[in-house]
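Novice: this one's sequence-less:
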């Protein structure tokens, strides 16, 4: 089964078919080269095509552009094709001043590759063995596209923010770091630049993962699983070089790809915020801070309760690093306290860890439940918001390393109410029994309840950890507690910790 994809850039729903738009940013190095050689041409329509076939190690792209020359009003159609990550080959078909001829050639290529009529593209239907259509957003405004990078020393504006807040924003709005993050996850940022993959396409990626999940559950044929994996890789472009794209064939594989889509969703938010701040009438960092709509107030890094909670709940099995607190911020996201179910009992301060690339989305929109189209396999206790009472359990989800050893840990007040206590994984745990408000995955080790303190009306489970008495027979595998709520109104973010992860030297 050969699966193809066309990435449909400008003529998405809502755009007139013949709308001519100036190209204000280079789509990738290949297109940049073409524009330099054709300086007066302007882009009319552009398509990306991808072909992924795990069986035959196909991971290719095909690019189709219709160009207009500004000076001579002549038209041409430019094609480029090759393996993902390589420059490939190209050809340019000149159509003189005949726009209809150029359009006809463009439409013919579209229909040849997809077996869909160009005029009916908004009702596109996938044809087996032909290209599928993948949406990306390259729409531009009348203004020049702002740079994605933050000017560390703007000439005109001086930031009014506390230096610690400035440093935090530089950390979470670092687009280059976000690129590195998704590149490590094998996402192809050249064919799908950050912020350009649409929400619709990310949802399509989730849908493809759900199909893979169904294949794994039903133990379908290898052919069906191959087709499902091809579908995911064509929806969400990956760059594996000359290597065959790997099969997504286990729960761990699914979790990795879910994490990628979660990161891409949050990066979308961050990129738009950084772009919007570039031309603002204030310092870019100040503009980004205001866009978060989240008050961040620096506190004493040595705050006794918070620092003690971090250090005293470092799990004994997470000995590959230690943690040092660099900064602590109080967090007050706009509207969150009003929606918080403050009347619910059993409110507890709990940890949540995530990659740096996710924090613009988290701080601006709060912690969220996975979308309906996401597979449930990647969530041990169903789709919910996960917390821990052991700091290092959450810290592992920061995915730091010796080279990038700074992470962020979030402390939230969580209204747990009556917990549904579970010993084993339950992917449908969000269907809570009557009278239950949350799920608790029972761990073998947790903070000693006798050491818990009360802070601002919620409990803080200070360590050190002790055995809980769960799983003494040796048949239980969950080492530490997990707490899951399925309603974002049960969560109120309280503190954000900037943490240095100290790894032992290799020498």
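Specialist: Ah, there it is. These figures come from a predicted structure and were not determined experimentally.

Novice: and the gap between residue 71 and residue 188?
Specialist: Going from residue 71 to residue 188 by Cβ to Cβ, to the nearest Å gives 34 Å. In short, each C-beta sits where N, CA and C put it, glycine included.

Novice: okay, those two: which has more neighbours?
Specialist: residue 188 (21 against 8; other Cβ atoms under 10 Å).

Novice: any idea how far that one is from residue 247?
Specialist: On the measure of Cβ to Cβ, residue 188 and residue 247 end up 18 Å apart.

Novice: how is the protein carved up into domains?
Specialist: 1-145, 146-282, 293-502 (automatic domain parsing).

Novice: could I get those domains as CSV with mean pLDDT?
Specialist: Putting the domains of the chain into CSV (pLDDT from 0 to 100) gives the following:
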stretch, mean pLDDT
domain 1-145, 59
domain 146-282, 83
domain 293-502, 94
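
Novice: quick one: the helices in the stretch 351-500 of the chain?
Specialist: Taking DSSP state H, counting those that start in this stretch as the criterion, the stretch 351-500 of the chain contains helices spanning 359-365, 391-395.

Novice: with distance to residue 184 and mean neighbour count added, can I get the ones you listed in CSV?
Specialist: Formatted as CSV, the helices of the stretch 351-500 of the chain follow (distance: least, Cβ to Cβ, whole Å; neighbours: other Cβ atoms under 10 Å):
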stretch, distance to residue 184, mean neighbour count
helix 359-365, 17, 22
helix 391-395, 18, 24
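
Novice: can these go into CSV with extra columns for distance to residue 415?
Specialist: Shown next, in CSV, are the helices of the stretch 351-500 of the chain (distance: least, Cβ to Cβ, whole Å):
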stretch, distance to residue 415
helix 359-365, 18
helix 391-395, 18
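
Novice: minimum distance to residue 300: which of these has it?
Specialist: Residue 300 sits nearest to helix 391-395 of all those, at 18.4 Å, using Cβ to Cβ.

Novice: what lies in contact with that closest one?
Specialist: Applying Cβ atoms under 8 Å, 6 or more residues apart in numbering, the contact partners of helix 391-395 are 309-311, 313-315, 318, 323, 351-353, 387-388, 407, 409, 480, 482, 499, 501.

Novice: out of these, which are buried?
Specialist: For those, a neighbour count by 16 or more other Cβ atoms under 10 Å gives the buried set as 309-311, 313-315, 318, 323, 351-353, 387-388, 407, 409, 480, 482, 499, 501.

Novice: neighbours of residue 452, just the number please.
Specialist: Residues near residue 452, counting by other Cβ under 10 Å, number 14.

Novice: OK, contacts around it?
Specialist: Counting by Cβ under 8 Å, 6+ apart, residue 452 has contacts 459-462.

Novice: in stretch 412-421, what's buried?
Specialist: For stretch 412-421, a neighbour-count test (16+ other Cβ under 10 Å) marks 412-417, 419-420 as buried.

Novice: following the host helix or strand of residue 167, which helix or strand shows up next?
Specialist: According to DSSP states H and E, residue 167 maps onto helix 163-172. If you walk from helix 163-172 toward the C-terminus, the next helix or strand you reach (DSSP H and E) is helix 175-184.

Novice: give me the angle between that next one and helix 163-172.
Specialist: Relative orientation of helix 175-184 and helix 163-172, computed by axes from the mean of the first three to the mean of the last three Cα atoms, to 10 degrees: 40 degrees.

Novice: what does helix 175-184 contact?
Specialist: 148-149, 189, 194, 260, 263-264, 267, 270-271, 274, 355-357, 404.

Novice: what's the PyMOL syntax to select whichever of these are buried?
Specialist: Of those, the buried ones can be selected in PyMOL as follows, counting by 16+ other Cβ under 10 Å:
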select buried, resi 148+189+194+260+263+264+267+270+271+274+355+356+357
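
Novice: of the contacts of helix 175-184, closest to residue 337?
Specialist: Nearest to residue 337 among the contacts of helix 175-184: residue 270, at 24.0 Å, using Cβ to Cβ.

Novice: follow-up on the earlier one: pull out the buried positions in the helix holding residue 167.
Specialist: With the criterion 16+ other Cβ under 10 Å, helix 163-172 contains buried residues 164-166, 168-169, 172.

Novice: and which of these is nearest residue 132?
Specialist: Closest approach to residue 132 among those (Cβ to Cβ): residue 172, at 34.1 Å.

Novice: hmm, back to that, list the helices and strands the helix holding residue 167 packs on?
Specialist: Contact analysis of helix 163-172 by 3 or more Cβ pairs under 8 Å, 6 or more residues apart in numbering; DSSP states H and E lists helix 284-292, strand 294-299, strand 322-333, helix 359-365, strand 406-415, strand 491-502 as its packing neighbours.

Novice: which among these is found nearest to residue 116?
Specialist: Proximity to residue 116, assessed across those by Cβ to Cβ, is greatest for helix 359-365 (34.2 Å).

Novice: any chance you could map the strands in the stretch 401-507 of the chain?
Specialist: Secondary structure of the stretch 401-507 of the chain (DSSP state E, counting those that start in this stretch): strands located at 406-415, 419-422, 438-441, 445-447, 453-455, 458-460, 465-467, 482-485, 491-502.

Novice: distance to residue 289 added to those strands, as CSV?
Specialist: Converted to CSV, the strands of the stretch 401-507 of the chain look like this (distance: least, Cβ to Cβ, whole Å):
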stretch, distance to residue 289
strand 406-415, 16
strand 419-422, 36
strand 438-441, 32
strand 445-447, 34
strand 453-455, 26
strand 458-460, 27
strand 465-467, 37
strand 482-485, 28
strand 491-502, 13
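
Novice: so which of the ones you listed gets nearest residue 126?
Specialist: Nearest of the strands of the stretch 401-507 of the chain (Cβ to Cβ): strand 482-485, 36.0 Å.

Novice: how distant is that closest one from the center of its chain?
Specialist: 21 Å (Cα atoms, centre = their mean, to the nearest Å).

Novice: quick one: list the elements packing against that strand.
Specialist: Other helices and strands packing on strand 482-485, by 3+ Cβ pairs under 8 Å, 6+ apart, are strand 385-387, strand 406-415, strand 438-441.

Novice: ok, 10 Å please
Specialist: The elements that strand 482-485 packs onto, with contact taken as 3 or more Cβ pairs under 10 Å, 6 or more residues apart in numbering; DSSP states H and E, are strand 347-353, strand 385-387, strand 406-415, strand 419-422, strand 438-441.

Novice: how about a markdown table for these, with distance to residue 176 added?
Specialist: Conversion of those to a markdown table gives the following (distance: least, Cβ to Cβ, whole Å):
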| stretch | distance to residue 176 |
| --- | --- |
| strand 347-353 | 22 |
| strand 385-387 | 29 |
| strand 406-415 | 15 |
| strand 419-422 | 41 |
| strand 438-441 | 37 |
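
Novice: number of residues surrounding residue 335?
Specialist: For residue 335, the neighbour count with other Cβ under 10 Å is 11.

Novice: if I pick it, what's in contact with it?
Specialist: Neighbour list for residue 335: 293-294, 366 [criterion: Cβ atoms under 10 Å, 6 or more residues apart in numbering].

Novice: returning to that earlier point: spatially, which two of the contacts of helix 175-184 are the most separated?
Specialist: So, the contacts of helix 175-184 by Cβ to Cβ: farthest apart are 149 and 260, at 23.0 Å.
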